[in-house]
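J.: I'll drop the sequence and a predicted model, then ask my questions.
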Amino acid sequence: MMKNSYNITLKNINKSYQKGKNTVVVHHDFNLTIKSGEFVALMGPSGLGKSTLLHLMGGLDQPTSGEVIIGTQRIDHLKQSALTQWRAENIGFVFQSHHLLPVLSAQGNVELPLALTSLNKKQRQEHASYALELVGMSERASHFPKELSGGQEQRVAIARAIVSDPHILLCDEPTGNLDRKTANEILALLDQLNRDFGKTIVMVTHDKKAADYASRVINLESYIGEEHNCHMRESR
């Protein structure tokens, strides 16, 4: 499960939105590069736009200005249909809330992203079964979300995220709703996907113990301050 390597580059990112008559600035001339194969934890207080960065990297949101480049592809220039296809092939999302469909079994939930591919039914089933095996959920394939524990649901969510063999996993507080033991199991699984399968992982977390699993920790509060000071020095 490996694809051609590529970096994530956010270049001069500005992101703002209107709230009534006010303009709320989330990011101003923000720059960040994440190398292919890294496991990066984004930390910092609420309100710094950590989740916004994930959404920009995954093409779920667009910058007000600036460039979002994955490998050689500038995704902020893609039309919606092309962006949807690109996202399905290259990005896996893992959220704090599992977002599993209650009417589908674990197997059915994991197969769902493959509906956007050219795989036939048998191939979709085989890919989903392999993904469930990787996360240790083969024996629960026929179970529905209400029959699973929180940790098991998150494992299924991770299987769904990797079933299309994306190079990048974007994780937004993936252990936020889990107890410590279960959280450590999920983090160990993400670590394995990074080390053994070369997945690039970008994880937003408030949990310092979760951040310990990352190869690089970026505290956005200090990172933004350092970047601002760097720009000030360059402009003089």
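T.: Yep, it's here. Residues are numbered from 1 along each chain as shown.

J.: all contacts plus neighbour counts: C-alpha atoms, from now on.
T.: Noted.

J.: And the residue positioned nearest the centre of the chain, how close does it get to L60?
T.: The residue lying closest to the centre of the chain (Cα atoms, centre = their mean) is L170, at 0.8 Å. Note on L170: its distance to L60, by Cα to Cα, to the nearest Å, is 11 Å.

J.: ditto for E126
T.: 28 Å.

J.: This protein: strands as residue ranges?
T.: 8-19, 22-34, 39-43, 65-70, 73-74, 91-95, 168-172, 200-204, 216-219 (DSSP state E).

J.: Run through the residues that contact L134.
T.: Listed by Cα atoms under 8 Å, 6 or more residues apart in numbering, the contact set of L134 reads A159.

J.: Give me the pLDDT for it.
T.: Looking at L134, its pLDDT reads 92.

J.: Same check on M2?
T.: So M2 comes in at 42 (pLDDT).

J.: Kindly state the beta-bridge partners for the residue nearest to the centre of the chain.
T.: When assigned by DSSP bridges, L170 has beta-bridge partners F93, V202.

J.: Please spell out which residues along the lengthiest helix in the chain are buried.
T.: Ranked by residue count and defined by DSSP state H, the top helix of the chain is helix 180-197. Residues of helix 180-197 classed as buried: T182, A183, N184, I186, L187, L189, L190, D191, L193, N194 (neighbour count, 16 or more other Cα atoms under 10 Å).

J.: Can I get those in CSV including pLDDT and distance to E139?
T.: Shown next, in CSV, are the buried residues of helix 180-197 (pLDDT from 0 to 100; distance: Cα to Cα, whole Å):
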residue, pLDDT, distance to E139
T182, 91, 18
A183, 92, 21
N184, 93, 21
I186, 93, 17
L187, 95, 21
L189, 93, 17
L190, 95, 20
D191, 95, 22
L193, 94, 20
N194, 95, 24
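
J.: check contacts around C171.
T.: By Cα under 8 Å, 6+ apart, the contact set of C171 is L54, F93, V94, F95, I201, V202, M203, V204.

J.: Next one: it from K199, what distance?
T.: C171 is 12 Å from K199, by Cα to Cα.

J.: show me what contacts F144?
T.: Taking Cα under 8 Å, 6+ apart, we find F144 in contact with P102, V103, L104, S105, A106.

J.: So for it, what's the pLDDT?
T.: Listed pLDDT for F144 reads 97.

J.: and if you look at the one 3 residues further on?
T.: Among the per-residue scores, E147 shows a pLDDT of 97.

J.: Ok, E226 next?
T.: With respect to pLDDT, E226 scores 62.

J.: if we can go back for a sec, wait, the residue nearest to the centre of the chain touches M203, no?
T.: Yes - applying Cα atoms under 8 Å, one finds L170 in contact with M203, separated by 6.1 Å.

J.: which stretches of the protein have low pLDDT?
T.: Scanning the chain for pLDDT under 70 picks out the ranges 1-5, 225-236.

J.: and if we set it to 80?
T.: Flagging of the chain using pLDDT under 80 yields the residue ranges 1-6, 116, 222-236.

J.: quick revisit: dump the contacts of F144 to JSON lines, plus distance to K11.
T.: What follows is the contacts of F144, written out as JSON lines (distance: Cα to Cα, whole Å):
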{"residue": "P102", "distance to K11": "39"}
{"residue": "V103", "distance to K11": "41"}
{"residue": "L104", "distance to K11": "40"}
{"residue": "S105", "distance to K11": "41"}
{"residue": "A106", "distance to K11": "38"}
